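> Sequence unavailable; structure follows:
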Ligand code: CS2
């Protein structure tokens, strides 16, 4: 292995089987601003945009990192190029993606970010900032003005650091520069994601720059989108593997699965790239797709992650390799999650179910349970509560919820969550299990009637787990 890095200069040295951008990158100009440049964006929207660039070259992406310089350091020396490995042990493809032109680091380059928001050539803003990035209150849609980050931004909106604050500041810049229309698309795992973004943003603007609101209503559209691809955080071992396949080092390399889906609500204020060329689908009613994805894939994913942490299994595939836990997940899907769903018209739900279980078992992904178990207070309310609200009596989903309560109340497993302080206080509290379960249900935003129905069952399941019976089949 040479010390060379992936860049336009080393593309010619890559092995023949590595796919390369099928367009002239020198002609590509910025059209999309993306906030939150994690692994997911690089394995998803950047790939759809790469396919669209074959048809029109004015849709390059400028990425904005909200905090750290890490992604800028990975991508900028490679002029935005990175490689994407998709592999499930049977189908493997290695491809260089060329759609990202540059990465800015918001706290260090605020003027450059402002300039992009003012530029009418930027017609689309996309976001993948995680569920917690929306700073939503317990009602799941309005801005949580009690969050310290939101309070700090509202005190000094010109120095905003949260994604909502940065976006509000960018919109203010755009209005001041003439107010060209804009399409803003959330790519995070939230039902009604872009509508929630608009709601939180409207709350924020009302408290910071209310004069922006009439323009926002008239000239900005927020199409919701459902995104689906499993993309684990990158590890040094995976980087080394990819470098071996490429023959050069790629600091921004991403590994994912072959499966990918992007459904976008048809509701635009501007032209958009030809993302359909990459397989995206535009639909009028996105709600059934969102519900299916969140309440099936993400709901079972969270259950797998919690079971895995409790049973000391590292990855999703490790959990699926255990017959008892796999059986629990299959039963959870078949008995609880699927019956509570209405499939999108013409959608092969049984086929999706089988494919999903195979995706979870993909041995190449090495998707850590601890990564999925992050931010549970945001995730579980989206993923589990709508199904729980439809159920009567006991269920496997309640056993999964009890497993989460058990993890918080009785283990020392580290927590990474926007409400970690509350969870740690519940963990440390000497109150009864019953009282602590109520506090946990409150933290998830469960309604009183649902809490009352679930409490005795959760207590019983938590007691079972304390006496050493984990949720497995049989
Ligand atoms: C996962 C998702 O980390 C998580 O919470 O459930 O990121 C999941 O991998 C994606 O939504 C798959 O599309």
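Yep, that arrived. It should be emphasised that the depicted structure is a prediction, and the values quoted were computed from it without experimental measurement.
> Tell me which residue of the stretch 51-200 of the chain lies closest to the ligand.
residue 189 (4.8 Å; Cβ to the nearest ligand atom). (Glycine included, C-beta is placed from N, CA and C.)
> wait, that residue sits on residue 381?
No: between residue 189 and residue 381 there is no contact under Cβ atoms under 8 Å: 11.8 Å.
> ok, those two, which is more surrounded?
Each of residue 189 and residue 381 has its neighbours counted (other Cβ atoms under 10 Å); residue 189 has more, 23 against 19.
> Now do the contacts for the more buried one.
Residue 189 makes contact with 131, 227, 293, 294, 298, 379, 382 under the criterion Cβ atoms under 8 Å, 6 or more residues apart in numbering.
> SS state for the second one?
This points to residue 227. On the three-state scheme (DSSP: H, G, I helix; E, B strand; the rest coil), residue 227 is labelled strand.
> Please apply the same query to the one 5 residues further on.
Put simply, residue 232 is coil when judged by three-state DSSP.
> Just give the number of residues close to it.
Neighbours of residue 232 using other Cβ under 10 Å come to 22.
> OK, contacts around the residue nearest to it when sequence neighbours are not counted?
Leaving aside its sequence neighbours, residue 232 sits nearest to residue 367 (Cβ to Cβ, 6 or more residues apart in numbering; 4.2 Å). Taking Cβ under 8 Å, 6+ apart, we find residue 367 in contact with 230, 232, 315, 316, 317.
> quick one, domains of this protein?
Annotated domains of the chain cover 8-284, 288-466 [automatic domain parsing].
> Now the closest residue to the ligand within the stretch 301-450 of the chain: phi and psi?
Residue nearest to the ligand within the stretch 301-450 of the chain: residue 301 (3.7 Å; Cβ to the nearest ligand atom). Backbone geometry at residue 301, expressed as degrees, to the nearest 10, gives phi -60, psi -50.
> residues near it, how many?
Residues near residue 301, counting by other Cβ under 10 Å, number 24.
> cool, residue 266 as well?
Neighbours of residue 266 under the rule other Cβ under 10 Å: 12.
> pretty sure it is touching residue 280, no?
No: shown here, residue 266 and residue 280 do not form a contact pair, counting by Cβ under 8 Å, at 11.3 Å.
> Show me where this protein dips below the pLDDT cut-off.
1-2, 474 (pLDDT under 70).
> Could you show which parts of it are in contact with the ligand?
189, 228, 229, 230, 297, 298, 301, 371, 372, 379 (Cβ under 6 Å from any ligand atom).
> Next, find the distance separating the residue nearest to residue 232 from residue 234.
Distance from residue 367 to residue 234, counting by Cβ to Cβ, to the nearest Å: 12 Å.
> cool, residue 78 as well?
With Cβ to Cβ as the criterion, residue 78 and residue 234 are 14 Å apart.
> These two - which one has more neighbours?
residue 78 (23 against 18).
> Hmm, that one is touching residue 248, no?
No: between residue 78 and residue 248 there is no contact under Cβ under 8 Å: 9.6 Å.
> For these two, list the residues in contact with both.
Residues touching both residue 78 and residue 248 by Cβ under 8 Å, 6+ apart: 5, 6.
> rewinding a little: isn't the residue of the stretch 301-450 of the chain closest to the ligand right up against residue 316?
Yes: judged on Cβ under 8 Å, residue 301 makes contact with residue 316 at a distance of 7.2 Å.
> between the two, what contacts are shared?
360, 372.
> Now distance to residue 473 too, for the domains of the chain, in a markdown table please.
Output for those, formatted as a markdown table (distance: least, Cβ to Cβ, whole Å):
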| stretch | distance to residue 473 |
| --- | --- |
| domain 8-284 | 23 |
| domain 288-466 | 3 |
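> Could you point out the longest helix of this protein?
In the chain, assigned by DSSP state H, the helix with the most residues is helix 448-466.
> Run through the neighbouring helices and strands of it.
When contacts are defined as 3 or more Cβ pairs under 8 Å, 6 or more residues apart in numbering; DSSP states H and E, helix 448-466 packs onto helix 385-390, helix 396-410, helix 433-443.
> quick one on the thing from earlier: which residues does the residue of the stretch 301-450 of the chain closest to the ligand contact?
In this structure, residue 301 makes contact with 316, 360, 372, 383, judged by Cβ under 8 Å, 6+ apart.
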